[in-house]
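Colleague: Below is the structure, and that's it, no one-letter string:
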């Protein structure tokens, strides 16, 4: 019933994004032919600069809701990494069409293209937010019930549900990666990006959404990509669900203080108050990663190490721009 | 954050279907104004004959994907029961567009209409199939991971995910009912309906899909509706997830033998073989109903009692037609 694996090019949707482009770089470095599909709404051509100059990487700018503009790229593919999504949870909370269109509908169209071209393997960037605000920390993959609190989370869980059905119906082996907060180069959103942006606009004060006690785990992009490649090599179920995170977590207050220190330590931190930063924000997140570690993998950076490393990286980038 | 409840008419999508029309009858009998929306693809006007003649019940024929044709009906509504869906899992397995359009997309449009008109409460006919083929029986509501095996199941889980997000984002109190197999009058699909149809066409033989060892619990329509009304009265979480079923289950073989006996006992039963009846079939289903029983409710009919009762009812209907 399960489709046989096959050699062939790899399709990466959202491959010009922060995580997708890192994956593309690694795959291209291994000599694999990569077909990137990205609508460049948050992804950027320059993220692919290094990989995109390679002979074995091609970017197609297309909207995933329009399969006629890209589905040919699935022909002969060995696997599809479906990473494209709205990345701005707060923006999605203002207009539910965004996560529905760019999340749920796009994922359905990608699955239909995979089915049409007999692609044997689909890998999906899901998220810790499918758990909603769980009662158990660290949260294991078999936690239930799943009650997403944002439209972004709903689109991720809808994506998981459809992929699971396609796996069982059409024998497409599938990998559902539930990400902690991923941080690293080329970010276009997220707490570190926001804090740097705010201090760039006004170095005297840093407004923090919520009371600062929100506490989550942060995983570096390289660790995230490395973990997915490991799971893809080793996990052999028809549907493979893996949390991707670290063993520790970091509060928003700690992050704010570190970012302020990196900017000279003079900015005043102002909290807007409240348990949640915004409607749909899940204030606590810590994923159980025992299943991932059982594959012989551990993150190189802890959550706080990932934050320190990323802040230093962003400082260097800032310095090189000025 | 949660919206205040309000008095007002009740909207029932799929209200001309087998379960929806029973609910409509009960609500109308209580003097509640009911606005039924149904595209009459499987629902039938005659299912509403009794309730539809009442002054306080009106049917609007509309496609849920086209909110402009029905969303006005949500104005002032106290609650929306969203029951409309593709009911033919096997048909959905041949064309993934069906469950996506009539399930996932329709549910999103209903939620948007509910948000637009500030409806404070949404009730949803989900299904045991969101569990996929679970490792634990009876299966409790907090079972995980959820790995639906059919596109129908994926659409139900996608619906749950979106409703949970709307609950948290917009304060819409929500009820997610995970149905066992519901049987009763006015069915247009399902194992009993299929067996009666097959014997009508050829009284000498009954073909059974699978090896007959599939075993599931069956709940009578009246019990299903009664349970939902009880949960709607008593359960007070923002998101309320309840299994609806019985404590026993019945094998397909037993059902086949009972149906053959009801037809004179002469038909030969022929099994197509295999653990599953069709692609996407979940061969074992038994839901934990402790949560439901804790509200002081128990089904009037056991699974085997529900089957006996329904077979007798179908025999009488058949006799009255000839």
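Modeller: Yep, that arrived. Since the model is a prediction, treat every value here as computed from it, not as a measurement.
Colleague: lowest-confidence helix or strand of chain A?
Modeller: Sorting the helices and strands of chain A by mean pLDDT, DSSP states H and E puts helix A:49-52 at the bottom, at a mean of 73.
Colleague: And whichever helix or strand comes after it, how far out from the chain middle?
Modeller: Note on helix A:49-52: by DSSP states H and E, the next helix or strand toward the C-terminus is strand A:57-61. Distance, stretch centre to chain centre, for strand A:57-61: 20 Å (Cα atoms, centre = their mean, to the nearest Å).
Colleague: Stretch A:280-288 too?
Modeller: Worked out by Cα atoms, centre = their mean, stretch A:280-288 lies 15 Å from the chain centre.
Colleague: that older thread, tell me what the least confident helix or strand of chain A is packed against?
Modeller: Here helix A:49-52 touches helix A:18-29, strand A:57-61, going by 3 or more Cβ pairs under 8 Å, 6 or more residues apart in numbering or on different chains; DSSP states H and E. Quick note: C-beta positions are derived from backbone N, CA and C, even for glycine.
Colleague: Reformat the ones you listed as a markdown table; add mean neighbour count, mean pLDDT and distance to residue B:302.
Modeller: Shown next, in a markdown table, are the helices and strands packed on helix A:49-52 (neighbours: other Cβ atoms under 10 Å in any protein chain shown; pLDDT from 0 to 100; distance: least, Cβ to Cβ, whole Å):
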| stretch | mean neighbour count | mean pLDDT | distance to residue B:302 |
| --- | --- | --- | --- |
| helix A:18-29 | 24 | 96 | 51 |
| strand A:57-61 | 18 | 96 | 57 |
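Colleague: Chain B is nearest to which of those?
Modeller: Evaluated with Cβ to the nearest Cβ, the helices and strands packed on helix A:49-52 place helix A:18-29 nearest to chain B, the distance being 22.1 Å.
Colleague: Give me the helices and strands touching that closest one, please.
Modeller: Counting contacts by 3+ Cβ pairs under 8 Å, 6+ apart, helix A:18-29 is packed against strand A:10-13, strand A:34-38, helix A:49-52, helix A:221-234.
Colleague: Select from these the stretch with the lowest mean pLDDT.
Modeller: Mean pLDDT is lowest for helix A:49-52 out of the helices and strands packed on helix A:18-29, coming in at a mean of 73.
Colleague: gap between that one and the chain center?
Modeller: The answer for helix A:49-52 is 20 Å, by Cα atoms, centre = their mean.
Colleague: Repeat that for stretch A:92-99.
Modeller: Relative to its chain's centre, stretch A:92-99 lies at 18 Å (Cα atoms, centre = their mean).
Colleague: Stretch A:27-44 too?
Modeller: Using Cα atoms, centre = their mean, the distance from the centre of stretch A:27-44 to the centre of the chain it belongs to is 15 Å.
Colleague: in chain A, what residue sits furthest out from the centroid?
Modeller: residue A:266 (32.6 Å; Cα atoms, centre = their mean).
Colleague: residues in contact with that one?
Modeller: Each residue near residue A:266 by Cβ atoms under 8 Å, 6 or more residues apart in numbering or on different chains is listed here: A:203, A:204, A:260.
Colleague: In JSON lines, list these along with neighbour count and distance to chain B.
Modeller: JSON lines is the format used below for these (neighbours: other Cβ atoms under 10 Å in any protein chain shown; distance: Cβ to the nearest Cβ, whole Å):
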{"residue": "A:203", "neighbour count": "13", "distance to chain B": "34"}
{"residue": "A:204", "neighbour count": "8", "distance to chain B": "33"}
{"residue": "A:260", "neighbour count": "19", "distance to chain B": "31"}
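Colleague: Cross those residues against strands and list the overlap.
Modeller: Taking DSSP state E, every one of these sits outside strands.
Colleague: So which of those residues is the closest to residue B:282?
Modeller: Minimum distance to residue B:282 across those is 53.7 Å, recorded for residue A:260 (Cβ to Cβ).
Colleague: how about the spatially most central residue of chain A, secondary structure?
Modeller: Most central in chain A under Cα atoms, centre = their mean is residue A:125, positioned 5.5 Å from the mean C-alpha point. Here residue A:125 is strand, with the state taken from DSSP: H, G, I helix; E, B strand; the rest coil.
Colleague: Could you double-check that it sits in contact with residue A:85?
Modeller: Yes. At 6.9 Å, residue A:125 counts as touching residue A:85 under the criterion of Cβ atoms under 8 Å.
Colleague: thinking again about what came up before, need the contact list for the closest residue to the residue nearest to the centre of chain A other than its chain neighbours.
Modeller: Once flanking residues are discounted, residue A:125 sits nearest to residue A:83: 4.7 Å by Cβ to Cβ, 6 or more residues apart in numbering or on different chains. The neighbours of residue A:83, taking Cβ under 8 Å, 6+ apart as the test, are A:12, A:13, A:14, A:15, A:17, A:19, A:20, A:23, A:125.
Colleague: Which residue comes closest to the second one once chain neighbours are left out?
Modeller: If I follow you right, that is residue A:13. Spatially, and ignoring its direct neighbours in sequence, residue A:13 is nearest to residue A:84 (4.0 Å; Cβ to Cβ, 6+ apart).
Colleague: So that neighbour belongs to a helix, correct?
Modeller: No. Under three-state DSSP, residue A:84 falls outside any helix and is assigned coil.
Colleague: Pretty sure it sits against residue A:102.
Modeller: Yes. Judged on Cβ under 8 Å, residue A:84 makes contact with residue A:102 at a distance of 7.2 Å.
Colleague: Name the residues contacting each of those two.
Modeller: residue A:64.
Colleague: count of neighbours near residue A:251?
Modeller: 16 (other Cβ atoms under 10 Å in any protein chain shown).
Colleague: overlap in contacts of residue A:125 and residue A:85?
Modeller: In contact with both residue A:125 and residue A:85: residue A:14, using Cβ under 8 Å, 6+ apart.
Colleague: Give me the pLDDT value at the residue nearest to residue A:125.
Modeller: pLDDT at residue A:83 comes out at 98.
Colleague: And chain A, split by domain according to the record?
Modeller: Domain assignment for chain A by automatic domain parsing gives A:10-182+A:219-244, A:188-216+A:248-283+A:301-321.
Colleague: still on that earlier bit, burial of the residue nearest to residue A:13, as a residue count?
Modeller: Close neighbours of residue A:84, defined as other Cβ under 10 Å, add up to 28.
Colleague: ditto for residue A:221
Modeller: Neighbours of residue A:221 (other Cβ under 10 Å): 21.
Colleague: who's in contact with it?
Modeller: A:18, A:19, A:22, A:182, A:183, A:184, A:185, A:186.
Colleague: What is the nearest of those to residue A:117?
Modeller: Nearest to residue A:117, judged by Cβ to Cβ, of the contacts of residue A:221 is residue A:19 at 24.1 Å.
Colleague: That closest one touches residue A:225, doesn't it?
Modeller: Yes. Between residue A:19 and residue A:225 there is a contact under Cβ under 8 Å: 6.9 Å.
Colleague: Might you list the low-confidence residue ranges for chain A?
Modeller: Applying pLDDT under 70 to chain A flags the ranges A:1, A:52-53, A:322.
Colleague: Pop out the phi and psi values for the residue lying closest to residue A:313 once chain neighbours are set aside.
Modeller: In space, and not counting its chain neighbours, residue A:313 is closest to residue A:185: 6.3 Å by Cβ to Cβ, 6+ apart. The phi and psi values for residue A:185, taken as degrees, to the nearest 10, are phi -70, psi 160.
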